[in-house]
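Novice: Provide a 3D model corresponding to the input given below.
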Amino acid sequence: IYQCDWSSDVCSYDLQTDQSAEWYRLDHHHLIPYISLEGFSPIELHHHIIPPEDPITFPIHEIWARARPAVIAGSPCLILSPEDFILHLCHHLSSSNHFIGQLRGLCDLASVIDRFKANIDWNQLLGLAQRYKSEKFLYYSLWLAQESIKAEVPHKVIGNLQTSMS
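Specialist: Reported below is the predicted structural model:
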């Protein structure tokens, strides 16, 4: 784990994992996490949105093609499209973590839906879920977010996903 004091750009490497930094770079979907010197606030620099061993594949070149320009802390960057962000959150919530300890994930999902609600192309999201064979991850995550924390998911989206899984 890299520990960093972001105010002074001081970082130290403290390997607290069974895996090497090289393993993270080659065999994982993010680099070895950066942790603050206080031991919290991990930052994971992803090079893909899902682990390489996952049975579902999201072509990363398509995700980059749909990425949108943004400015964060005065620096230009690219961010995931709302549809890819939702797919990623739903997949992480349901497949990667099996909904265990994921209240934060549900809240993140509801926040993204609320933040981008005017710009979400729900039909594109449904098409991507079908193409990537991730309808069930999307359905259960969106349904749970809608039922438990009142995320504003259109009822037709839940209905279409439910029908496509039948």
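Novice: how far away is residue 139 from residue 158?
Specialist: Noted for residue 139: a distance of 7 Å to residue 158, by CB to CB, to the nearest Å. In this view, the C-beta of every residue, glycine as well, is placed from N, C-alpha and C.
Novice: same deal with residue 23?
Specialist: Taking CB to CB, one finds residue 23 at 39 Å from residue 158.
Novice: if we can go back for a sec, who has more neighbours, residue 139 and residue 158?
Specialist: Each of residue 139 and residue 158 has its neighbours counted (other CB atoms under 10 Å); residue 139 has more, 22 against 16.
Novice: secondary structure element for residue 145?
Specialist: helix 135-149 (DSSP states H and E).
Novice: Mean confidence (pLDDT) on that helix, please.
Specialist: Helix 135-149 shows a mean pLDDT of 93 in the predicted model.
Novice: buried ones in that helix?
Specialist: By 16 or more other CB atoms under 10 Å, the buried positions in helix 135-149 come out as 135, 136, 137, 138, 139, 140, 141, 142, 143, 144, 145, 146.
Novice: got a list of contacts for that helix?
Specialist: 56, 86-87, 89-91, 93-95, 99, 106-107, 109-110, 113, 125-126, 129, 151-153, 157-158, 161-162, 164-165 (CB atoms under 8 Å, 6 or more residues apart in numbering).
Novice: could you give the mean pLDDT of stretch 80-100?
Specialist: Here stretch 80-100 scores 85 as its mean pLDDT.
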